[in-house]
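**Q** Make a model of this:
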Amino acid sequence: MARKSIANPFTAYAWLAEAGWVFMAHSAQLWSDPAKASTRLAALAAEKQKAVATGMVEAGIAAMRGAGPEAIAKAAMGPARRRVRANAKRLHKG
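**A** Numbering: from 1, shown residues only. The predicted structure follows:
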């Protein structure tokens, strides 16, 4: 019998914590410079819309290839995870 790989149960929580940290850091930036807040909020919203749309396309492609539910979910969340990771790196640099 083939052994199933067990995913690390803390991976999702680590990503949520990182996403929460990025949200907090963006909020602090918006709070500290209200003159640029509307422009920055529009850019952040566009970034999220692009990640969601890309994730929908990647999930659809995975589904059409016959991937399982876990692979489809990973494909759907991939763009959002990449954006959060890129934002976290950029925010850590300052």
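
**Q** looking at this structure, which helix or strand is least sure?
**A** Across the helices and strands of the chain, the lowest-confidence element by mean pLDDT, DSSP states H and E is helix 11-32, at a mean of 88.

**Q** mean confidence for stretch 70-80?
**A** Averaged over stretch 70-80, pLDDT sits at 94.

**Q** Could you pull out the helices in the protein for me?
**A** Under the criterion DSSP state H, the chain contains helices at 11-32, 37-64, 69-93.

**Q** Buried deepest among the ones you listed, which one?
**A** Of these, the one with the most neighbours on average (mean count of other Cβ atoms under 10 Å) is helix 69-93, at a mean of 15. In short, each C-beta sits where N, CA and C put it, glycine included.

**Q** Distance from the chain centre to that one, please.
**A** Average the C-alpha atoms of helix 69-93, do the same for its chain, and the two points are 4 Å apart (Cα atoms, centre = their mean, to the nearest Å).

**Q** Renumber starting at 701 from here on
**A** Understood, numbering begins at 701; the last thing we discussed is helix 769-793.

**Q** related to what we said a few turns ago, quick one, the least confident helix or strand of the chain and helix 737-764 angle?
**A** Orientation of helix 711-732 against helix 737-764 (axes from the mean of the first three to the mean of the last three Cα atoms, to 10 degrees) gives an angle of 160 degrees.

**Q** Just the CA atoms of helix 711-732, as PDB, please.
**A** These are the backbone C-alpha positions of helix 711-732, laid out as PDB (Å, rounded to 0.1, in the frame of the first residue of the first chain):
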ATOM      1  CA  THR A 711       2.200  25.600   6.900                       C
ATOM      2  CA  ALA A 712      -1.300  27.200   6.500                       C
ATOM      3  CA  TYR A 713      -1.000  28.900   9.900                       C
ATOM      4  CA  ALA A 714       2.400  30.200   9.100                       C
ATOM      5  CA  TRP A 715       1.100  31.700   5.800                       C
ATOM      6  CA  LEU A 716      -1.900  33.300   7.700                       C
ATOM      7  CA  ALA A 717       0.500  34.800  10.200                       C
ATOM      8  CA  GLU A 718       2.700  36.200   7.500                       C
ATOM      9  CA  ALA A 719      -0.400  37.600   5.700                       C
ATOM     10  CA  GLY A 720      -1.500  39.200   8.900                       C
ATOM     11  CA  TRP A 721       1.900  40.800   9.400                       C
ATOM     12  CA  VAL A 722       1.900  42.200   5.900                       C
ATOM     13  CA  PHE A 723      -1.600  43.600   6.500                       C
ATOM     14  CA  MET A 724      -0.500  45.200   9.700                       C
ATOM     15  CA  ALA A 725       2.600  46.700   8.100                       C
ATOM     16  CA  HIS A 726       0.600  48.100   5.200                       C
ATOM     17  CA  SER A 727      -2.000  49.500   7.600                       C
ATOM     18  CA  ALA A 728       0.800  51.300   9.600                       C
ATOM     19  CA  GLN A 729       2.200  52.800   6.400                       C
ATOM     20  CA  LEU A 730      -1.200  54.000   5.400                       C
ATOM     21  CA  TRP A 731      -1.800  55.500   8.800                       C
ATOM     22  CA  SER A 732       1.600  57.300   8.800                       C
END
